[in-house]
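1. only geometry, no sequence info:
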């Protein structure tokens, strides 16, 4: 199957993007002459532009839209206001994670879900199964829209030049703005640990919008507030921010209660007048009643300069106690960091762990609180 | 960056340059482009005897960890100490300041499968 291209494909190529296959999309892993480290530092110091058009955007509309989402999502939906977004998990019947998503409440009965690219097809099938005979329509809007994330401490000031309203938005709120003929959904959200916005816009409007903003995004200009950043930097940024990623920390076989996102799992969702149990809730209640999951997500600081890799075994002494889910040499902190799923009794900060590289060497590590990095307010 | 014609190249993207009986070993621009930002280098210590085709160390980048092979037998005479604090030298100057090790007692004529610059470039599809 040919790779899909986002409406920003030509922009990436012109900016020197090294294009790779990511979940069936041709995406920039980094930009030549800059690289993951520089792009990462640019986002922490000023601003970065990420094309996240490959992520799925699915509209749910109709009389039963809210009830459908209550069943689908681990998070409460009924207390969301229009203009609010919320992070949630979507679980399977065993309490494993099908995906993590952002729910936008556009109107009382209209929602937009942003899902991981690799899970879009799988979720569309799951949505149909959960929908059953409920009265609502599900429309995949991925290909007729684009999505960009602008992230970094100087982004909000830049956006403020175009709109007074956006800088006044609270985190996880959004506004729908008209720009020329296009409708833009601008949310104060992101996946880097920095302040910033994510913008959903019509696919056909991307070229015009980029021309309008190009002088602010010019990668050749050393003074550009915002420069393009690739998927490589997106990964190291989210890792420093302690944010889980599907396929690493999250997966169908990993209990939702293991992943350090308990805030996004409302175990009392079935209570009250608007209450509705979510798919996987019974399994998670059973896990909780039995003392919680066997493994839990931890952050680890690694001694030395060597980078761990996903899949490496975590040891306590010589005993295998878990697995590395993500790791990098932290560009901000200057030392290697990792997240991993380890035995639930070994999660206290300061606990000494070891990582078997599988290359005749063992890295010394210790448990540290997540996130590794928090932006200054 | 052009591929220097004063040295030989391996299929596994190392370069080797002879200066008398001392060979200098490094990785190519192609390898650097694939690895991207290099974060750590661990070469075997000076004094280590190496066999032809043996692993002499590893290079880590934000993407992967790769073994480095010596195309010649000999003894490691020197490790590039500058890489310990600044592994990025391999990114910025792979054919110069980013060299990895020097091997003494090396005999290039005993090596097999080495390519000259033109053949190496052709093998990368240039």
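-> Perfect, thanks for sending it. From a predicted model like this one, the values you see are computed outputs, not experimental measurements.
2. beta partners for the residue lying closest to residue B:53 once chain neighbours are set aside?
-> Counting by CB to CB, 6 or more residues apart in numbering or on different chains, residue B:69 is the residue found nearest to residue B:53 once chain neighbours are left out, at 6.0 Å. C-beta: built from backbone N, CA, C; applies to glycine. For residue B:69, the beta-bridge partners under DSSP bridges are residue B:55.
3. contacts only, for residue B:69.
-> With contacts taken as CB atoms under 8 Å, 6 or more residues apart in numbering or on different chains, residue B:69 has the following neighbours: B:10, B:12, B:14, B:53, B:54, B:55, B:56.
4. is it true that the first one touches residue B:112?
-> Read that as residue B:10. No: Residue B:10 lies out of contact with residue B:112 (CB atoms under 8 Å); the separation is 10.1 Å.
5. which of those two has more neighbours?
-> Shown here are residue B:10 and residue B:112; by other CB atoms under 10 Å in any protein chain shown, residue B:10 has more neighbours (22 against 8).
6. now that one. Its backbone dihedrals?
-> phi -110, psi 160 (degrees, to the nearest 10).
7. quick one: contacts for it?
-> Taking CB under 8 Å, 6+ apart as the test, what residue B:10 contacts is B:16, B:69, B:71, B:113, B:114, B:115.
8. so where do the strands sit in chain B?
-> Here chain B has its strands, by DSSP state E, at B:8-9, B:14-19, B:22-27, B:38-43, B:49-50, B:55-61, B:65-69, B:74-79, B:101-104.
9. quickly check: the fourth one near chain A or not.
-> Yes: against chain A, strand B:38-43 shows contacts by CB under 8 Å from any CB of the partner chain at B:39, B:40, B:42.
10. need the contacts of residue B:69 in TSV (columns: pLDDT).
-> Converted to TSV, the contacts of residue B:69 look like this (pLDDT from 0 to 100):
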residue	pLDDT
B:10	95
B:12	93
B:14	96
B:53	92
B:54	93
B:55	95
B:56	96
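11. hmm, which of those residues are the buried ones?
-> Buried members of the contacts of residue B:69, scored by 16 or more other CB atoms under 10 Å in any protein chain shown, are B:10, B:14, B:54, B:56.
12. for residue A:12, pull up the helix or strand it's in.
-> helix A:9-14 (DSSP states H and E).
13. next, the buried residues of that helix.
-> Result for helix A:9-14 [16+ other CB under 10 Å]: buried residues A:9, A:11, A:12.
14. what do you get for stretch A:239-257?
-> So stretch A:239-257, judged by 16+ other CB under 10 Å, has buried residues A:239-246, A:248-251, A:254-257.
15. and those, which two are the farthest apart?
-> A:240 and A:255 (24.8 Å; CB to CB).
16. show me which residues of chain B are close to chain A?
-> Residues of chain B lying near chain A by CB under 8 Å from any CB: B:36, B:37, B:39, B:40, B:42, B:58, B:60, B:62, B:63, B:64, B:65, B:91.
17. at 10 Å what do you get?
-> Residues of chain B lying near chain A by CB under 10 Å from any CB of the partner chain: B:33-34, B:36-42, B:55, B:58, B:60-65, B:67, B:84-85, B:87-88, B:91.
18. just the buried ones from the residues you listed?
-> B:36-42, B:58, B:60-63, B:65, B:87, B:91.
19. so which of these sits lowest on pLDDT?
-> For those, the model is least confident at residue B:63; its pLDDT is 86.
20. dump the residue contacts of the residue nearest to that residue when sequence neighbours are not counted.
-> Leaving aside its sequence neighbours, residue B:63 sits nearest to residue B:36 (CB to CB, 6+ apart; 5.5 Å). By CB atoms under 10 Å, 6 or more residues apart in numbering or on different chains, residue B:36 lies in contact with A:18, A:29-30, A:32, A:35-37, A:230, A:232, B:61-64, B:91.
21. which two from those end up farthest apart in space?
-> Across the contacts of residue B:36 (CB to CB), the longest gap, 18.0 Å, separates A:32 and B:64.
22. what strand or helix carries residue A:93?
-> Going by DSSP H and E, residue A:93 is not in any helix or strand.
23. check what pLDDT it gets.
-> 98.
24. which phi and psi does it have?
-> Note on residue A:93: its backbone torsions stand at phi -60, psi -30 [degrees, to the nearest 10].
25. ditto for residue A:302
-> According to degrees, to the nearest 10, residue A:302 has phi -110, psi 140.
26. let me know how buried the closest residue to it other than its chain neighbours is, in neighbour terms.
-> Leaving out its chain neighbours, the residue that sits closest to residue A:302 by CB to CB, 6+ apart is residue A:336, at 4.0 Å. Using other CB under 10 Å, residue A:336 has 24 neighbouring residues.
27. how about the contacts of residue B:36 in CSV, adding distance to residue B:99?
-> As requested, those are exported to CSV (distance: CB to CB, whole Å):
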residue, distance to residue B:99
A:18, 25
A:29, 27
A:30, 25
A:32, 23
A:35, 21
A:36, 23
A:37, 21
A:230, 29
A:232, 26
B:61, 17
B:62, 21
B:63, 22
B:64, 21
B:91, 13
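28. after the helix or strand hosting residue A:44, which helix or strand is next?
-> In the assignment (DSSP H and E), residue A:44 maps to helix A:35-45. Counting by DSSP H and E, the element after helix A:35-45 in chain order, helix or strand, is strand A:48-51.
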